[in-house]
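In: the sequence isn't on hand, but the structure is:
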């Protein structure tokens, strides 16, 4: 199980925070489409995160978690 101190959770949290910042910038520019195309920065952010995630999972084969665990922890941190 993951803890809030695990580097995978920290990377996920950092990714989500950056994602929110990109969305805020889009909103400031007047972009209102929720299903609009990803910006180049968002694509790079997700690509970088998933590459990191693959690396962590290779190193820690005994790490037992679900992606929903990351979401739940993140949501609790932001309440």
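Out: Okay, I see it. If you're wondering where the values come from, they're calculated on a predicted model, not measured in any experiment.
In: for residue 39, give me its contacts.
Out: When contacts are counted by CB atoms under 8 Å, 6 or more residues apart in numbering, residue 39 touches 22, 26. C-beta here means a position set from N, CA and C on the backbone, and glycine is covered the same way.
In: do the same with residue 3
Out: When contacts are counted by CB under 8 Å, 6+ apart, residue 3 touches residue 9.
In: hmm, 10 Å instead?
Out: By CB atoms under 10 Å, 6 or more residues apart in numbering, the contact set of residue 3 is 9, 73.
In: ok, residue 50 next?
Out: residue 15.
In: list the buried residues in the helix or strand containing it.
Out: Per DSSP states H and E: residue 50 is located in helix 40-59. By 16 or more other CB atoms under 10 Å, the buried positions in helix 40-59 come out as 42, 45, 49, 52, 53.
In: my guess is the last one meets residue 12, correct?
Out: By that I understand residue 53. Yes: using CB atoms under 10 Å, residue 53 is in contact with residue 12, at 8.1 Å.
In: find residues that contact each of the two.
Out: Common neighbours of residue 53 and residue 12 (CB under 10 Å, 6+ apart) are 67, 70.
In: quick one, the longest helix along the chain and helix 40-59 angle?
Out: What stands out as the longest helix in the chain, according to DSSP state H, is helix 7-28. Here helix 7-28 runs at 170 degrees with respect to helix 40-59, directions being taken by axes from the mean of the first three to the mean of the last three CA atoms, to 10 degrees.
In: contacts for helix 7-28, please.
Out: Looking at what lies outside helix 7-28 - CB under 10 Å, 6+ apart - the contacts are 2-4, 6, 31-34, 36, 38-39, 41-42, 45-46, 48-50, 52-53, 55-57, 59-60, 63, 65, 67, 69-71, 73-75, 77-78.
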